[in-house]
Structures are given as C-alpha cells and as structure tokens.
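A.B. asks: sequence and predicted structure are below.
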Amino acid sequence: MTGDHKQGAVCIFGTGDFGRSLGLRLLQAGYEVVFGSRDPKNRAILPQGSKVMTHTEAAQTAQVIFIAVQRDHYEFLTSLTPALEGKVLVDISNNLKRGQFPQSNAEYLSSLVPGASVVKGFNTVSAWALQSGALDASRQVLLCGDDPQAKQAVVNIAHSLGLTTQDRGSLRAAGEVEDIPLQLFPNWTLPLWITTGLSAFFFAYLLVYDVTYAYVEDGKDNFYRIMIAVPNKLFPDVSLAMLALCYLPGALAAILQLHNGTKHRRFPDWLDRWMLCRKQLGLVALAFGLLHVLYTLVKPIRYNIMHSGDTGVIKQIKENVTKPFDNTEAWRKDSYYSMGILGFGMFLLLGITSLPSVSNTLNWREFRFVQSKLGYLTLVLCTGHGLVYGWNKFLKPSRYHWCLPPSYMLSLVLPCVVLMLKLVLITPCIHHRITRIRNGWEKPGKNQGHHTTVSLGKATSL
Amino acid sequence: MTGDHKQGAVCIFGTGDFGRSLGLRLLQAGYEVVFGSRDPKNRAILPQGSKVMTHTEAAQTAQVIFIAVQRDHYEFLTSLTPALEGKVLVDISNNLKRGQFPQSNAEYLSSLVPGASVVKGFNTVSAWALQSGALDASRQVLLCGDDPQAKQAVVNIAHSLGLTTQDRGSLRAAGEVEDIPLQLFPNWTLPLWITTGLSAFFFAYLLVYDVTYAYVEDGKDNFYRIMIAVPNKLFPDVSLAMLALCYLPGALAAILQLHNGTKHRRFPDWLDRWMLCRKQLGLVALAFGLLHVLYTLVKPIRYNIMHSGDTGVIKQIKENVTKPFDNTEAWRKDSYYSMGILGFGMFLLLGITSLPSVSNTLNWREFRFVQSKLGYLTLVLCTGHGLVYGWNKFLKPSRYHWCLPPSYMLSLVLPCVVLMLKLVLITPCIHHRITRIRNGWEKPGKNQGHHTTVSLGKATSL
Amino acid sequence: MTGDHKQGAVCIFGTGDFGRSLGLRLLQAGYEVVFGSRDPKNRAILPQGSKVMTHTEAAQTAQVIFIAVQRDHYEFLTSLTPALEGKVLVDISNNLKRGQFPQSNAEYLSSLVPGASVVKGFNTVSAWALQSGALDASRQVLLCGDDPQAKQAVVNIAHSLGLTTQDRGSLRAAGEVEDIPLQLFPNWTLPLWITTGLSAFFFAYLLVYDVTYAYVEDGKDNFYRIMIAVPNKLFPDVSLAMLALCYLPGALAAILQLHNGTKHRRFPDWLDRWMLCRKQLGLVALAFGLLHVLYTLVKPIRYNIMHSGDTGVIKQIKENVTKPFDNTEAWRKDSYYSMGILGFGMFLLLGITSLPSVSNTLNWREFRFVQSKLGYLTLVLCTGHGLVYGWNKFLKPSRYHWCLPPSYMLSLVLPCVVLMLKLVLITPCIHHRITRIRNGWEKPGKNQGHHTTVSLGKATSL
C-alpha cells in the first residue's frame, strides 16, 4: 500500500449495467476506475470520477481487468493480445440458458487470450446488490481460475467491496459457476415432484370417494366440495405422508448401517438424494399443514355447514327430541383438535428453526435435538391427531365407499411404519449397536474396500 | 507482526460506557489497551488488564486513538496537538438529533487537530453489541476518512474484533454516517404514510356506509361494529389496494421504457422512490391481510353473529319454513374462502422470502421468480377472492347506500387496473419489445443525452 | 505467497469423518493436504488429491497440523516430540459430556507436546458444515491459544475456507470452548423453568377451579375439558404473565438506578440474569399466545360448544322466548376480540423483529423503538384484552369457586403492576432524572467505589 489516496486502479471493459454498477462500487471503495470503451468520448452514462479510454489504453492502466461484455463480442479481445499479456481478466458473464455453449465463457476467453490469467467470478452477484449494498441479496462471489495469484487479486477486490468469496477451484469449474445464476430452486425439484404426485393421487382418490360416490349412489350434487372439503382432506393427508417421508430415510439409513455393520459403506444414490431433500419435504408438509389449519377454521362460516347446522336444530324441534350430550364424542373431538394444534405448533417451531439465520445460531447438538427429537414428537402428535380423528370408524362398513377406505387411513400408513421402525431402533440393544457403529466401530471383516459416505454429516443427524 | 504476545497498543480517550466496552473487546482480541483520562488514578471501573494514563502519555503509546468523549468536550484536544501529530483519531461520537451541528463531529475534530488523520467510524455499533458479541445486533462498521492508510489501520482493528467494515468515502461523508444511528425506519416513512392515508379514507367511508347509514335510515344502533365489522372491511380493502400498489410501479416503468424506447432514460423521481418502497408496501399489505384473516375467523364466536344465527333458526321454526340448500351460494362462499386462503398462503410465502436470511440464499433468477411470478399469482388470487365475494352484488341497488358502492368495489379498482396492464404487457409482441429494450436495444434516434437510471437493477425486476 | 499453485501444505493427523471433510475442504481451497496415519497404505477413504504418510513424515511437510484423533489416543504424540517441535497443533476435539476430564483436551495436548504451539479451534464447526459449505450451519470458528502467531496461522486457514473466526483468548479458555458444542440451549434454561413452574401452577389451579368444582358441587363430568378448555385458559394466563415478566426487570432496573442515583452501580446478579433472558421469556409468551389463538378459533367446531348452542336454541323455542339483542355484550365481546387480535399481531411483529437476520438490519434506535415502545403497546393491548374479557365478572360471587377467583384475574396482576410502574417512570420529572442518570449524571456523593455494570447496554434498552 502506497501513501497514495487510491487503492490502485481497476479497469472495466464494457459500459453496460453491470460494468457501471461495478465501477461505481469500486470508486466508493477508493479504487481508480478506468473504463475501456469502443467510443471513449461518450461518457455521459458513466459514474462520476471514472475515466474512459480506448481498450488498449485502459488495459495499460491496471493489473485487473473486468470483462463486462457479452460472450458474442469477446473476439475483439484477440486484437488486444499484447496489451493483455500477463493481466488478470475477470470473466463476469452469464448465459441466457444452461448448456448454451459447449465451452464455458471463461475457458473460451482464456483460449482467446492465452497470455492472460482468466478468473471466473462476480457472475452470481447482481448489479442491484452491488449498487445498493443491500443486505437482502446474495453477496457471495464464487471464484475459479488456474492462477492463485490472479485469484487472490480478485479476492482482495471483492473483500474491499464488502463481498465474501468462495474458491471453486480451477477454471474447469467455470461452467458450473456460470450455471449457478440460471438455477431455479434445484433442491426443490424432487420434493415438488413428490408433492405433485401425492397431491394428484389424493385428489383423484377423494374425487371418487367423496364426490362421485355421492353423485352416483345418492344422486347428490356435491361438486362444490371441490373448493374446500376435498382440499381440506388432501392437504392433511399429503402433509402427514410427507412428514413421514422426512423421517423414513433416516430410519432406512440406520437399518442399512446396522446391516452393513459399518458407517463407511456408501448409501445407495437414491437414499443420498432423498436425505438431502428432507428439509424441503418438511417445509412443503408444513405449508400444507398451514393450509389444512386455515381450511378447517373457516368451517363454521361455510354455507353448507351453517345450513346443515340449522337443519339439524329444526329437525330436533320438529321431532321433539333433544340429542343427549355424548361425553365420548366431546373427548374424541377435543383430543384430536388438541393434538392437531400442538402438532402444528411444534411443526411451526421446526420451520422457524430451519430459517438460515436461526439455524446458524444453533450448535450441532441443538440442531439435532430440534430436528430429530422435536421432529419425532411432531410426527407422533400429528399421527395421533389422525388416529383419534379416525377413532373406530375404520370398523364401520358405511365408511367404505365402493370398498375404498377413507383417505386419512391411507395417509396414516407411512407415519405408522416410520414410528414403528423408530421404536425398534431405540430399543436399548439396537440403539447401542448403532451408536457404536456411528462412533467408528465396524463388524469384524467389514473394514476393507469401503468408501467414504457422501453424506456423513447428515447420516448421523437422525 | 512481532513475536510479542500482543497485537499492539490501542489508545482510548474517555472512560464512558462505549470506551470501556471497546477496551474490554480489544483486550479480548489481544490488544494492549491504554485509556487516556483526566483523572488517571480512578481506574475502578475500567476493564481489568488495561492501563490508564494522562491523555498526553496515553497518546504516545499507540498509533490509533479512539476519541470516546462527547463533542462538547473536544476542545481539550487542541492542547494535545503535539502529542497527536501524525496519529489516527477515530471519531466514534453520535449526536442526539439530526442536524444538531452545522459541521459533522468528525470534521470538527479534524479542524481542531489538523495534524492527525481523522477516521469516522464505530458509531453504528452499540456498546452492547461489542460487549456481548451478540449475533443479533448490527456488526457493520461504516468508515470514512481522507487518509486511506489511517482507514486501513481502523479496518484491521475492526476485523480483529469480528466486525465487518464498509468504506463510505472521504471525511465529507461523516455527517451522513453520524446520522445513521438516528434514523428511525427511513424506508418505511412513505409506505406508512400511504397506509395511514388509505386506512383513514376507508375508515371514514365505512363509517358512513356501514354505521351511520343504518343509524340514520333505520335507527339501528350499530356502533359496536366499529370494533370488528368495520376493521374487517378496512383491512382487506387496504391490503388489496396496497398489494396492487406494489405491482403498479413495475408496470408503469415498463410502459415508460416502451414509450422512451430505451432503458437508459432516468425514471421520474416519484417513480424511483415508489419502486424502492415496494417491499415495505407488500409487508404492510401482508400484515393487514393477516389481521383480516384473524378478524374473519373470530366471526362465529362473535355475539352478534351467534345471536342472528339463533334468531334465524327460531324465525324459520315459527314461520314453519325450511330454507332449501342453495347450491350457488355453497359454490360462491367456498370459492372465495378457498381463493382467499390460497392467496394468503402465497402472500405468506412472499413475506418469508423477503426475510434477509432467506433472500440471501436465492440467486437473482429465483428472487425474480418468487417476487414477480408468485407475486402476480398472489394478486390474481386475492383479486379473485374480492370479485367472487362481490359476485353480482354490484348490480343490486340495495347494496348502494346513499349512492355509495360497498367499499370492496373501490378496493378492487386498482388491482384490476394492474392486472389488465400486466395482461397487455405480456402479450407476445409487447413483451418481445420490452425484453429487447432491457437487453440494451434502443429505438433509433434515442441514443444520445440519456442518463444512467438510478434503479437499473430494480427496474428490470418486474 | 509464492508463484506456486498451492496455498501451502497442511497436515491432518487422523482419518475420521472430520479429518476427511476438513481435508476435502482444504484441497478445494487450494491447499496441499497430507494425512498422517498409522496405516498409510489404506487410503481408499481419503479425498482424492491428498497424500498419506506416517505421522512423522507427515509432520515434516507442514507447519500447521490438525489433530483429528480422540483424546484417548493423544499419547502416541509423545513419541513424535522431535517432529512436532515448533509446529502449530490445532486441537479440534470435543468431549462426550461436560467436565469429563479435569483438564481441557487442548491443555492436555500442550502438556504432552510442550515444544509445539497448541491452538484450540474448529470444534464448533461440524463436518457437515465444512463439507457442504451450507449457509444454514454455524460457520464461526472460536479460537484460543497462547501463541498469537500460531493463532494467526489458523485464522488464515479458517478465512480461506470461508469461515469466520473469533478469538477467545489464551489456552486457559480451551475448556470453555470445548464445552460450547455440548451446550443445549443454555439461555433457555431459566425461561423454560419459569414456564414450567407457571404452567404447573395454573394447570393445578384450573383443575380445581374448573373441573373438580363442577364435579364435586354439581356432579358434572367435565373431565374432557382437560383437552381444550383448561389449556385455553392456561396458555393465555401464562402468556400474559410472562409478557409482564419481560418488562418487569427493566422497570426494576430503572427504580434501582433512581435509588442508587448512578448507573455505575452493579445490578444484583438475579436481575442481570433475568434481564439477559427477556428475549426468551418473550418468545415463550408468543408461542403460548399462538396456541391460545388456535385453541380459541376451534371453539365453534368443538362438540360441546355446538351441542350447547343447539340446546340453547331449542330451549328458547320451547319456552317461546327470544333473547333480545344485548348491545353491551356485543361491544364487550367485539372489543376484547379486537384488542386480543391487535395485541397478538403486535406480538408477532416483536417476534419477527427478534429473528437474528431482521434485528441485524436495525440500528440501535430502531431496535429500542420496536422492543420497548411496541413492546409496551403489546402489553397494553393484551392486558386490555384480559380486563375487558373479565369486565364486571370479578364483582359476581358466582364466579368465585370455593372462594377462588377465575385464573385470568391472577394472570392480570403482574401486567397491571408493570404498567403502573411504567406509568410512574414516564412522568416527566422521574423520566428526566432517569435520562440524566443514564447519560452519566450521578447523585452527589455517589461517585466513588462503584463498579462497571455488567449489562450496561441492556439496562438502557427499556
């Protein structure tokens, strides 16, 4: 660092949105900023305090050059080869869709200007985040490149702009880094497909069980039930099934480890992928649970409920009977409401704990306590809610329409299986064996040829 | 770095809360801490391990001196001029209100001790945050100063205390930095004024339409409706209007860009300011939506609802009629409840996504998908909720009180306008033109004399 | 930094989960990684690109050596003393329970290899966080050690892995750092005990007041009320009492300061501890408030409520009376519902503001505004909700069962006391005096022998 008032000069090729925002930010951080432009006279739109020169002149002023032009225009850089010799070129470009070009932009740039050190980076940061210093936008710069000194120069610039950096390795990783801004919730794909599948199944089932049956058998036009009554069975059914799907892979992993007698054997790919999307499965289940709560709470102000309530009273009057108080029914209803509310409250707690800023403040033991102990408590409460709701109705033939059981019975299968597996796994002798395996013990004869498990951290979390 | 066990010495003038907390933190980070005090003998309250000297002696021990005294007492520093020559003085002071003094404290300090390099900073960090290392308090140090070496020295200290830093430029920016801790939700001022204005209008309107009308025309004392019935119309009306106000500026910006034929023309100031407070508008709309949900759900346990329900049944009995089941009414009610619940659920999702720690994990494409696609879906659902709620009632003269339409009709105007504008903007030919403009294309003859738009990032977000 | 493509070599002793994850991460960040192993031939499970050697050979390749073996196996290190002379040993171990050994692992390691500089650290970071780079796991490395150069070397490594660091002082602090991953919500212990105590008291009280009384006096079997009716009195009662407990210590602190005439006298320990758990008290109160909301909203679909509604109508018909509309009752019910909903809404706002990522974006003035001004508004609304709910029932002898008042009267005592104290404290003359004291003024004769208050930041927050 010299006694000079500037941090040094940085050059930017290109005067588009991103180039200008970056220039402004660099000026604020105390850098001298030189734009390289085809038309250096037109400087009206550039941030105050910056300089504009031809590309060749600009390149000579700085060691680090940001290439803020589109890939289509990279070819003009070949004419600047002598001026770019030994410089650090930062490729900040993004593509419009994945796999648009066989070679990543950064590798293409490197092949055009072999004498320069190309670093891929800054493409995951938006012009908006740069300009506003907004805390609510991603401020992580992913970098890759073959020359560590060049990378370090870019890291230094990023840090002085208040950004964090993550090294993603050599320039071969550039394609991957360029794909990141094009991703649309990659971790959510599998959980959303599962949700869609389950929802479609339950919707079709309920349409037959609830609406079509009444229409065919009794000639009743119940189609308005599609708006609330059917969704309000679909949501809890899917929610409960998905909550069970969160905890099933953990139990399966434990069984596999017991069977293998070691924790160092890789899990099958499908199990790994399943375990990695448990958080998303849980959040969808929570969202469906919330919808179930709201759909249930509007019940008393729905037209058909109010109408049938009135009709019931009028009927009692006309027939001059008064229904006696049914103590069992009071117990049953209050019990399953209570379990449902407590289960939903616990579920909300799990959801809040999975917010990044909250889970960041938890240590590993606390995170496991919440996600495993409280998670199973949630599953127990919600399963109990379903079981008490059902009560002895599974015995009544009138509840079977065309031999189909009510949908909640189907949705209770998975949770009951998971809870029974868990009950087996926490019996002292089996629990002791799993703990030993997870602490590194191996069944004799198992200690050769195994591989690192990909998800070692996760596997031990449940 | 020497082999010495200390990171070096830092001097603090002043032994108030902040000075002591800072001293403690510096000691923990391995610095030698020397307090300068008028009364060096009184050291009872100072953190253990620190030294106390007279100001002149203390100044000689360290290169960086934190001035933790109030501006009123700065004048004694003039007597120390020789000892402070070439030192870095960190001005950490705050004022009690904005614009209390014509000159910022740091500039005043610099004029008193011209031989020292003054750096403004640490004033945004509380003693509490320093002492507790709390993660739930701002840990960003905003710095400004004219001497980059002096600034770097302060940056180094801040980093070793676990704080992040942001450079805010030269000492001329000190006034701005000093104002930051005095701000009270500056981004919320405009949205809260809009909220207050809309709420006042709808409250007055409903008072006339709902309560006064019944009193004047029918002599009915409905004033208890002020507690729940009136707010439960006000909240959804204002919420829907404000949700529309979130999306209107984006549509207006697109129309302006279409009209200008370029994206490089600055938006009018009012539009810029409007666009910058969309998040706050949306959050207020969500809060009002939540209140609407809660006020609606208590309906069946309200006294007047229960009373009129009972009265209705008794009337049916006495007149010996039974109201037949109205299938259309069942459809209508279930439909608008369902749309309302789904709209509220989507709205909650938007709200959760705007939490800083969640939006940080999204890339630009995901953020736009949520805030734009899902945002418009929310608007469609909530507008649909209002329209189906209204149904054909806008045709019934009995619903117009003193020629005034029901309030929900007013609140539906804005959302319908926004949705129609959006429909026009997504027709293929117009959408194609906007996309070209946003990718940099300009209408011929438009490419001179334009200026950088201030909100380039935001403008493209909708 | 050399021109070499590697950042330098780092050595890891031990090939367990953590060692392998760390090795992988170091490789990704550009380090050369050398594992020291008893059995250097078995390298199947190690990350690609790393080397394996005997411990002695490995130690010679790097300056920094991570000791990723369990404490039980540390003794083998004594045989490597010559090879470890002058090296930096990073002790990353954790124990299974607190206080398992009299000496911390790191101090034990230091005593075994006195020639090396031991740094404790990385034990708070999980293998999972290291491997995934997950944003939703703690990424703060707490470090302690006696040699600042050794610490700095470890800090540099942590930073290049994208982790943040916090210096916790000398190696004597190692025991404390080792205990951190074993903590289970230490800040929540006191609030949860208070919650449990209050809940147990109110449960017993309500059991007597509500259920047993009806059984003994009227022979009514009301035991089903344990499921919803009793909890739905317990939750609001405990919630209100705990909300008051959040604000009581602030008022007590102000009274103490008034009495002492200075802010520099230490608060009693119990008050300090109480003040530090106010956030947790508030969050439990919010959770109980939410449960109260849900339990209340299911009221109209509960069996006993529906049954008694029907019975009431039938009775009116049979007796041929129609209850007139009671305007006061309509006012009372709507008022307390409205206050309850607004209070709950404000309470939710307080809860959202206490999320780490939200409170991080607030400055000190905004944080105080929300937690103090809006907090008291919440307390006023919730207390009003309770008072209007009670109305004039405290005058009716029939509401006293066996001379016991209804539980809500008990729960209203604390909030009313806090609000009255606050009213006194904000009278101009007293408020002026407190402000002066908090700005440093002291009552004459009070300025000697006092000590730093531990919670200076917090004390001024209310």
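C.D. replies: The structure has been received and is ready for your questions.

A.B. asks: around chain B, pick out the residues from the stretch 151-300 of chain A.
C.D. replies: A:160, A:162, A:180-185, A:221, A:224-225, A:227-229, A:231, A:287, A:290-291, A:294-295, A:297-298, A:300 (C-beta under 8 Å from any C-beta of the partner chain). In short, each C-beta sits where N, CA and C put it, glycine included.

A.B. asks: which among the residues you listed count as buried?
C.D. replies: In terms of neighbour count (16 or more other C-beta atoms under 10 Å in any protein chain shown), the buried residues within these are A:160, A:162, A:180-182, A:224-225, A:227-229, A:231, A:287, A:290-291, A:294-295, A:297-298, A:300.

A.B. asks: inside helices: which ones of the residues you listed?
C.D. replies: Here DSSP state H is the test, and these give A:160, A:231, A:287, A:290-291, A:294-295, A:297 as lying in helices.

A.B. asks: make a markdown table out of those and add pLDDT.
C.D. replies: Shown next, in a markdown table, are those (pLDDT from 0 to 100):
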| residue | pLDDT |
| --- | --- |
| A:160 | 76 |
| A:231 | 96 |
| A:287 | 97 |
| A:290 | 97 |
| A:291 | 97 |
| A:294 | 97 |
| A:295 | 97 |
| A:297 | 96 |
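
A.B. asks: please identify which of the residues you listed is nearest to residue A:367.
C.D. replies: Using C-beta to C-beta, the shortest approach to residue A:367 within these belongs to residue A:287, at 21.6 Å.

A.B. asks: what sits against the spatially closest residue to the closest one that is not a sequence neighbour?
C.D. replies: Among residues not flanking residue A:287 along the chain, residue B:345 sits closest, at 6.9 Å (C-beta to C-beta, 6 or more residues apart in numbering or on different chains). Going by C-beta atoms under 8 Å, 6 or more residues apart in numbering or on different chains, residue B:345 touches A:287, A:290-291, A:294.

A.B. asks: may I see the buried residues of whichever strand or helix holds residue B:345?
C.D. replies: Residue B:345 belongs to helix B:327-353 when elements are defined using DSSP states H and E. Neighbour counts over helix B:327-353 (16+ other C-beta under 10 Å) mark B:330-353 as buried.

A.B. asks: tell me what angle it forms with helix A:327-353.
C.D. replies: 30 degrees (axes from the mean of the first three to the mean of the last three C-alpha atoms, to 10 degrees).

A.B. asks: what is the neighbour count of residue A:310?
C.D. replies: When neighbours are counted by other C-beta atoms under 10 Å in any protein chain shown, residue A:310 registers 20.

A.B. asks: skipping its backbone neighbours, what lies nearest it in space?
C.D. replies: residue B:313 (5.2 Å).

A.B. asks: and for residue A:278?
C.D. replies: Nearest to residue A:278 is residue A:246, by C-beta to C-beta, 6+ apart, at 4.8 Å.

A.B. asks: could I get the contacting residues of that neighbour?
C.D. replies: Contacts of residue A:246 by C-beta under 8 Å, 6+ apart are A:278, A:281-282, A:285, A:375.

A.B. asks: quick one, which of those has the minimum pLDDT?
C.D. replies: For these, the weakest pLDDT value sits at residue A:278, with 92.

A.B. asks: so it touches residue A:248, yeah?
C.D. replies: No - shown here, residue A:278 and residue A:248 do not form a contact pair, counting by C-beta atoms under 8 Å, at 9.4 Å.

A.B. asks: which single residue of the stretch 251-400 of chain A ends up nearest chain B?
C.D. replies: The nearest approach of the stretch 251-400 of chain A to chain B comes at residue A:357, 3.5 Å away (C-beta to the nearest C-beta).

A.B. asks: tell me which element residue A:35 falls in.
C.D. replies: Per DSSP H and E: strand A:32-36 holds residue A:35.

A.B. asks: show residues contacting whichever helix or strand comes after that strand.
C.D. replies: Going down the chain from strand A:32-36, the next helix or strand is strand A:51-53, by DSSP H and E. If you take C-beta under 8 Å, 6+ apart as the criterion, strand A:51-53 is touched by A:15, A:32-37, A:40-41, A:43, A:46, A:58, A:61.

A.B. asks: list just the nearest of these to residue B:192.
C.D. replies: Nearest to residue B:192 among those, with distances taken as C-beta to C-beta, is residue A:46, at 36.5 Å.
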